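Q: let me see the structure of the following:
(one chain, ligands or ions: 3)
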Amino acid sequence: MDLLTTQKFIERGSHKGKGLAVFTSGGDSQGMNAAVRSVVRMGIYLGCKVYFIREGYQGMVDGGDNIEEANWSSVSSIIHKGGTIIGSARCMDFIKREGRLKAAFNLVTRGITNLVVIGGDGSLTGANLFRQEWSSLLDELLENNKITKDQREKYKYLHIAGMVGSIDNDFCGTDMTIGTDSALHRIIEAIDAIVSTAYSHQRTFIMEVMGRHCGYLAVVAALASEADYVFIPEAPPSVDWKDKLCDKLEQASNASEFVYLALVAALASEADQVFIPEDPVPNNWVEKLCKRLQQERKSGQRLNIIIVAEGAIDREGKPITAELVKKVVVENLQQDTRITVLGHVQRGGSPSAFDRILGCRMGAEAVMALMEATPETESCVVSLDGNQAVRLPLMECVRRTKAVSQAMADKNFDLAVQLRGRSFARNLETYKMLTRLKPPKGAFDESGKPSEGYTLAVMHVGAPACGMNAAVRSFVRNCIYRGDTVLGIHDGMEGFISGNIVKMDWSDVTGWVAQGGAFLGTKRTLPGDKKGEIAARIKQFNIQGLLIIGGFEAYQAGLELYESRSQFPEFCIPLVVIPSTISNNVPGTDFSLGADTALNEITEICDRIRQSAQGTKRRVFVIETMGGYCGYLATLAGLAGGADAAYIYEEKFSIKDLQQDVYHMASKMTGGIQRGLILRNEKANDNYNTEFIYRLYSEEGKGLFTARMNVLGHMQQGGSPTPFDRNMGTKMAAKCLHWLVENIQKGSANTPDSACLLGVVKRQYKFTPLEDLKSQTNFAQRVPKQQWWMKLRPLLRILAKHDSTYEEEGMYMTVEQGEIDSENVI
Ligand SMILES: Nc1ncnc2c1ncn2[C@@H]1O[C@H](COP(=O)(O)OP(=O)(O)OP(=O)(O)O)[C@@H](O)[C@H]1O
Ligand SMILES: O=P(O)(O)OC[C@H]1O[C@](O)(CO)[C@@H](O)[C@@H]1O
Ligand SMILES: [Mg+2]
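A: Numbers count the residues shown, from 1 in each chain. Ligands and ions are numbered 1, 2, ... in the order given. Modelled structure (predicted):
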């Protein structure tokens, strides 16, 4: 099937009179409010009568005041709040047919036949059953004279669109559920905080994370936190671990310095162990765990982090609890050990930018899916596949999700992991690869010398961005693990030219994953007329492959070296760029490293700025964001912050547009709205600058609202990298190394496909030749000619009550189609 979407534009009021209800069910999750807001506003935009059903299925069963019509302002000022303003519940009544019968009655009597359910695997399973039974429920209501024949006929079709709102990420068919990213934020914040106290006391910490029977949170948290070990339900260990433990401890103490390094090099994740349900650790897990912890302490590491998913089990199905792991560590290693159970903290707090945007996008798509449903259309789940909005058949997703539970009950853990989906499997695989105790066969000869042993170099070009350090760390450790020599080129091209090039060791990058900035140093300087000196350094240091991590300048620098290959044969080495800039303005990728952190920084600051006006009578904030000529940050922060407008260079605006927006703001203020948020990209327009817009709003708002201006500046670049940036940096660097080695083995690199940029393109990772990217680049403004996120701008306008035409995103897809090309899954 051609998975390309055909553009479809939807006008205001195009589905007048339809009844639509939204509810949240199961454990709450951050981002549910954004989804509810989007459903309500999109529904109203299309002309529907929109209802809230409060307290999940319980409200549907109980009816009464629980089902209430919503209006535009019922969802004002909620996008930044955790939880769900319409309440959620676990409802025993709905599990029984009797309860579902009452629910059907309450819907029919209000003319609701379109349902948006936001919940986890249980809620969607319930929705699927409800839809299957709908016809028989109506028959029973008719038989009991609860509804009329007319009602039976008029409401005979129930349409359901589901959105997965759960921190657990345990529903098949979706890469990310609403709330998972925020829960990861909470977990990573907690682990980062624990690290400093663990370091001070040389302690081992065992962190128990949520996720019920799913190990997703545990695995990704381990990848992003450098945890040493993870226990997940999906991968239990087997039973004979105690004997093997002692054997291995012996072996480890006899290991030579080199073998030790190689072994430790395998532990690229600073989480020492992760225990998850889907992939129980092998029988000898105790042995392996203790060996690893001991080795790390011997090498000077002052702390260990072990992550245990709450549902972790061993291969016999017995629970592996934090207490059990503590006992093992204390009895075998006598390490000072503490347990931290994160609990409901993980479900709390403000939603991350990603979850807010996901909620906005999926909410609008769910409404569209319902409006377009015919009697034959299957119920669907709207979700993100990579960066692509998709609609998947609900029934098939439920079937798959149940199959995971069955596979785990059958102790068929390989199948369980496979059924969890591509993203889960890829994360687990990466984690395992990074924490392997032994190098792969073939990497070393019998004497312990590396059998290949290439010399590879890594450097930055451009401004610092969060995630750069995680990428370097992953690259360094993967290289050492393979038996390669890895060189760090300091301070960009200037360091390259002057020979500031240093061999990097395993411990040089310890703790880097959690740190913002760029420890290697970075400069914007391009090779320019110093290519001769660079070529000489490549020769001097025998560099066989080069990784450049940076922004638009990194792409340009790579291109310059590539284009000078005929003049300098030294540049005929494989060269790869990882896009890394907060601006997200590099061609060949939907996302660059660091952009997610910056987006979260801006979103949080906007929340705080808005809060500062509490108690003040109506106020409008005009906020300037970075990004060069690229409007990504302004647009996405606008969507995440529920902004009224976002002015960017890519979408021209005139004084008339500004005027209209000011009047629009004034009318919203008259209608009861208290605060306005206007974002402006730093280079949106030379003349209509931030000061101008601020003055315009100040002048025109006189008597109605006041205005304030904030230029966010460099605080956008800083902070601690988000889980997304840490994870993406780690995975991309591992992929780049693999690509470099493959290309070195091909022989002399003189073709375009030996100088590439690794990007995230729609649903997958993709290496694109730098040469091919030239035609996609606007070099004058330093932005890609096509930018995927431009399609989100109409949604931003609609959610802010402006007139706009909605461009539909979603495409129908089967779960199988989502599984294709698992090699390059994000
Ligand atoms: N098999 C089912 N049949 C009918 N209703 C169900 C079924 N499973 C779950 N539900 C309904 O959905 C509600 C929520 O389910 P559950 O408690 O499993 O949470 P969830 O939606 O999986 O969310 P989370 O796992 O994030 O907490 C249940 O309380 C029940 O009302
Ligand atoms: O909030 P409750 O009812 O204590 O349930 C906790 C469960 O809910 C979740 O937070 C979400 O499903 C799980 O991770 C956890 O097992
Ligand atoms: Mg669940």
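Q: all contacts plus neighbour counts: C-alpha atoms, from now on.
A: Will do.
Q: for the helix or strand containing Ala127, name the packing helices and strands.
A: Using DSSP states H and E, Ala127 maps to helix 121-143. Other helices and strands packing on helix 121-143, by 3 or more CA pairs under 8 Å, 6 or more residues apart in numbering; DSSP states H and E, are helix 97-108, strand 114-119, helix 149-154, strand 159-164, helix 394-409.
Q: who does the third one touch, helix- and strand-wise?
A: Using 3+ CA pairs under 8 Å, 6+ apart as the contact criterion, the neighbours of helix 149-154 among helices and strands are helix 121-143.
Q: how distant is the helix it packs on from the center of its chain?
A: Relative to the chain's own centre, helix 121-143 is displaced by 34 Å; criterion: CA atoms, centre = their mean, to the nearest Å.
Q: for it, give the mean pLDDT please.
A: For helix 121-143, the mean pLDDT works out to 96.
Q: wait, Lys791 sits on Glu807?
A: Yes: in this structure, Lys791 is within contact of Glu807 by CA atoms under 8 Å, at 6.6 Å.
Q: can you list the low-confidence ranges for the protein?
A: Along the chain, the model assigns pLDDT under 70 to residues 1-7, 228, 235-272, 433-452, 814-826.
Q: near ligand 3, which residues of it?
A: 120-121 (CA under 5 Å from the ion).
Q: ok, the closest residue to Asn387 other than its chain neighbours - contacts?
A: Spatial nearest neighbour of Asn387, chain neighbours left out: Lys762 (4.9 Å); criterion: CA to CA, 6 or more residues apart in numbering. Lys762 makes contacts with 386-388, 590, as judged by CA atoms under 8 Å, 6 or more residues apart in numbering.
Q: and Lys762, how close does it get to Arg100?
A: 39 Å (CA to CA, to the nearest Å).
Q: likewise Asn427?
A: Going from Asn427 to Arg100 by CA to CA gives 38 Å.
Q: who has more neighbours, those two?
A: Neighbours of Asn427 and Arg100, each counted by other CA atoms under 10 Å, are more numerous for Arg100; the result is 24 against 20.
Q: you'd agree that one is up against Gly59?
A: No: using CA under 8 Å, Arg100 is not in contact with Gly59, being 11.4 Å away.
Q: number of nearby residues for Met811?
A: Met811: 17 surrounding residues under other CA under 10 Å.
Q: excluding sequence neighbours, find me the nearest residue to it.
A: Closest residue in space to Met811, ignoring its immediate chain neighbours: Val390 at 4.9 Å, by CA to CA, 6+ apart.
Q: re earlier: find the residues that touch each one of Lys791 and Glu807.
A: In terms of CA under 8 Å, 6+ apart, Lys791 and Glu807 are not both contacted by any residue.
Q: more crowded one of those two?
A: Glu807 (16 against 13).
Q: the more buried one - nearest residue in space that isn't next to it in sequence?
A: Closest residue to Glu807 apart from its sequence neighbours, by CA to CA, 6+ apart: Phe9 at 4.6 Å.
Q: and for the one you found, the neighbour number?
A: With other CA under 10 Å as criterion, Phe9 counts 11.
Q: residue contacts, it?
A: Neighbouring residues of Phe9 by CA under 8 Å, 6+ apart: 805-808.
Q: and which of those residues is nearest to ligand 3?
A: Glu808 (29.0 Å; CA to the ion).
Q: how many other residues sit next to the closest one?
A: Using other CA under 10 Å, Glu808 has 22 other residues around it.
Q: from memory it sits against Glu11, does it?
A: No: Glu808 is beyond contact range of Glu11, at 10.8 Å (criterion: CA under 8 Å).
Q: now, which of the contacts of Lys762 lie within helices?
A: Nothing among those maps onto helices, per DSSP state H.
Q: just the ones in strands from these, please.
A: Judged by DSSP state E, the contacts of Lys762 include Gln388 as members of strands.
Q: format the contacts of Lys762 as JSON lines; extra columns: neighbour count and distance to Val783.
A: Shown next, in JSON lines, are these (neighbours: other CA atoms under 10 Å; distance: CA to CA, whole Å):
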{"residue": "Gly386", "neighbour count": "20", "distance to Val783": "22"}
{"residue": "Asn387", "neighbour count": "18", "distance to Val783": "19"}
{"residue": "Gln388", "neighbour count": "18", "distance to Val783": "21"}
{"residue": "Asp590", "neighbour count": "19", "distance to Val783": "12"}
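Q: the stretch 351-500 of the chain: helices as residue ranges?
A: Secondary structure of the stretch 351-500 of the chain by DSSP state H, counting those that start in this stretch: the helices cover 353-371, 394-409, 413-420, 422-434, 468-482, 492-498.
Q: secondary structure and distance to ligand 2 added to the contacts of Phe9, as TSV?
A: Formatted as TSV, the contacts of Phe9 follow (DSSP: H, G, I helix; E, B strand; the rest coil; distance: CA to the nearest ligand atom, whole Å):
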residue	secondary structure	distance to ligand 2
Thr805	coil	36
Tyr806	strand	33
Glu807	strand	33
Glu808	coil	30
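Q: which of the residues you listed lies closest to ligand 1?
A: Using CA to the nearest ligand atom, Glu808 comes nearest to ligand 1 of those, at 26.9 Å.
Q: dihedrals phi and psi, the closest one?
A: Recorded main-chain torsions at Glu808 are phi -70, psi 140, according to degrees, to the nearest 10.
Q: same check on Glu651?
A: Here is the backbone geometry of Glu651 (degrees, to the nearest 10): phi -120, psi 100.
Q: can you check the one 3 residues further on too?
A: Listed backbone geometry of Ser654 is phi -110, psi 180, with angles given as degrees, to the nearest 10.
Q: for Val502, same thing?
A: Backbone torsions for Val502, taken as degrees, to the nearest 10, come to phi -130, psi 140.
Q: who touches stretch 643-655?
A: 629-631, 634-635, 637-638, 661, 665, 676-681, 683-685, 796-797, 800.
Q: do that again at 6 Å, thanks
A: With contact meaning CA atoms under 6 Å, 6 or more residues apart in numbering, stretch 643-655 is reached by 629, 631, 634-635, 677-681, 684, 800.
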